[in-house]
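1. Fold the following and give me the result.
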Amino acid sequence: MRVLAILPAAALLAACQSSVPFEAVSDQCGSLRYLSMVGLKIEEAKESSFPAGTRFIRPGTPTTRDYRADRLNVHINNQGRIENINCG
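-> Here you go, the predicted structure:
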């Protein structure tokens, strides 16, 4: 009997679900190729292994606020480790 009471609620929840589980990721700068370097010390990753024009952003580094989808950003923490890699 309880199963019959739950069925309408389950049907309503299923109707709300999207057919696409996630949106496509735009990766114009190629950041996904470098995500395996997150957690490495920047010396281990070798700055030369990144493409020309990559921004290496350390704490306190001044940066422009313009967004460029083709620019790779490598965020480095106080310990000298890569903590994030993204486009922008």
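2. Doesn't N73 belong to a helix?
-> No - per DSSP: H, G, I helix; E, B strand; the rest coil, N73 lies outside any helix segment and is strand.
3. quick one, strands of the chain?
-> Counting by DSSP state E, the chain has strands at residues 55-57, 72-76, 82-87.
4. so for the longest one, what's the average pLDDT?
-> Taken as a whole, strand 82-87 has a mean pLDDT of 96.
5. can you offset everything so residue one is 29?
-> Yep, numbering from 29; the last one is strand 110-115 now.
6. related to what we said a few turns ago, for K69, which of the strands of the chain is the nearest?
-> Taking C-beta to C-beta, strand 110-115 is the member of those nearest to K69, at 7.9 Å. Any C-beta I mention is one placed from the backbone N, CA and C, and that applies to glycine too.
7. Check which helices and strands the closest one is in contact with.
-> Packing partners of strand 110-115 (3 or more C-beta pairs under 8 Å, 6 or more residues apart in numbering; DSSP states H and E): strand 100-104.
8. residues making contact with the strand it packs on?
-> Outside strand 100-104, the residues within contact range by C-beta atoms under 8 Å, 6 or more residues apart in numbering are 57-59, 62, 70, 78-79, 81-87, 110-116.
9. Stretch 108-116 too?
-> Residues contacting stretch 108-116 (C-beta under 8 Å, 6+ apart): 54-57, 59, 62-63, 65-71, 73, 95-105.
10. okay, stretch 98-108 in PDB with CA atoms only?
-> Taking Å, rounded to 0.1, in the frame of the first residue of the first chain, the C-alpha atoms of stretch 98-108 are listed here in PDB:
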ATOM      1  CA  ASP A  98      42.100  31.400 -24.900                       C
ATOM      2  CA  ARG A  99      44.400  32.400 -22.000                       C
ATOM      3  CA  LEU A 100      45.600  29.700 -19.600                       C
ATOM      4  CA  ASN A 101      45.900  30.700 -15.900                       C
ATOM      5  CA  VAL A 102      48.000  28.700 -13.400                       C
ATOM      6  CA  HIS A 103      47.200  29.600  -9.800                       C
ATOM      7  CA  ILE A 104      50.100  28.900  -7.400                       C
ATOM      8  CA  ASN A 105      49.700  29.000  -3.600                       C
ATOM      9  CA  ASN A 106      52.000  30.200  -0.900                       C
ATOM     10  CA  GLN A 107      53.800  26.800  -0.800                       C
ATOM     11  CA  GLY A 108      54.700  27.000  -4.500                       C
END
